[in-house]
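Visitor: predicted coordinates and the sequence they were generated for:
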Amino acid sequence: MTDPSTGIAFAPKVSNGLSIMGVGVRKKGPIKIYSVGMYANETLKESMAERSSDSSAELLQSSTPPATFLLKMNFKVGSQKMANAIAESVGTRTSTATTTTTTTTSQDIDIDIDIDDNNHSSLSQLKSLILGGMNEQPAKKGTEFRFDCTREGIEVAVNGQSQGTIRSPNLAKAFCNVYLDENTVSPTLKSSCLEYCQK
């Protein structure tokens, strides 16, 4: 499957066995920063095919993780800027998820010492793994970032090399929501998933 906006192609499957669900572009103004492909279980596609568009969108979001997001750079971005941008997008959704499922105050969340549920600790680890894979080099065109989201956490890989895993179900869900919620950073990816899965 190819992102029509950039011409960047994605394989039908990734190494963990998940299948392509759709592709899209992440833009900042007129700049096409990267193309992104989403991979999920074939059973999800089959389930979505039987539903209406609105119902399929809800199922797509509620059924992930598991999912893999493969980002392929189309525009050169500094390593720190790239890591910060991803972490910030995830962070806004992690905060929302936490405050709706716990009774602690926002101050309590900020100082939570449980590594599995600590937003700041998990986000710091996410940025660290992204930066580690880039070796202080910018994300040039062709650089690939892979995020394997499971119900246990996220594994991060840069250019095919695993950088490590963050054990945080909340972070994994928030990462999926970056691309699948109503404020998706790539509307074209979400639309592509819905169109492809309802063929």
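Guide: Done, it's in. This structure is a prediction, so every number in the text was calculated from the model and none was measured. Numbers count the residues shown, from 1 in each chain.

Visitor: show me the helices in this protein, by range?
Guide: Here the chain has its helices, by DSSP state H, at 42-49, 53-62, 79-101, 106-110, 119-134, 169-180, 187-197.

Visitor: mean pLDDT lowest for which of these?
Guide: Sorting those by mean pLDDT places helix 106-110 lowest, at a mean of 36.

Visitor: hmm, back to that, with distance to L18 added, can I get the helices of the chain in CSV?
Guide: The C-beta positions use only the backbone N, C-alpha and C, and glycine is treated the same way. Output for these, formatted as CSV (distance: least, C-beta to C-beta, whole Å):
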stretch, distance to L18
helix 42-49, 8
helix 53-62, 14
helix 79-101, 20
helix 106-110, 31
helix 119-134, 20
helix 169-180, 13
helix 187-197, 13
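
Visitor: right, so those: which one is the most enclosed?
Guide: helix 169-180 (a mean of 24; mean count of other C-beta atoms under 10 Å).

Visitor: per-residue pLDDT, I111?
Guide: On pLDDT, I111 comes in at 29.

Visitor: now stretch 134-142: how far from the chain's centre is it?
Guide: 19 Å (C-alpha atoms, centre = their mean, to the nearest Å).

Visitor: and of the helices of the chain, who's closest to T6?
Guide: helix 187-197 (10.4 Å; C-beta to C-beta).

Visitor: which residues does that closest one contact?
Guide: 1, 3, 5, 20-25, 36-38, 44-45, 48-49, 53, 56-57, 60, 179-180, 184 (C-beta atoms under 8 Å, 6 or more residues apart in numbering).

Visitor: again with stretch 39-48
Guide: Against stretch 39-48 from outside (C-beta under 8 Å, 6+ apart): 13-14, 16, 18-21, 56, 59-60, 63-64, 66-70, 194, 196-198.

Visitor: so which of the helices of the chain is nearest A157?
Guide: helix 119-134 (7.2 Å).

Visitor: circling back: now list the buried members of the contacts of stretch 39-48.
Guide: Among those, those classed as buried by 16 or more other C-beta atoms under 10 Å are 14, 18-21, 56, 59-60, 63-64, 66-70, 194, 196-197.

Visitor: picking up where we left off before, mark which of the contacts of stretch 39-48 are part of strands, please.
Guide: 19-21, 67-70 (DSSP state E).
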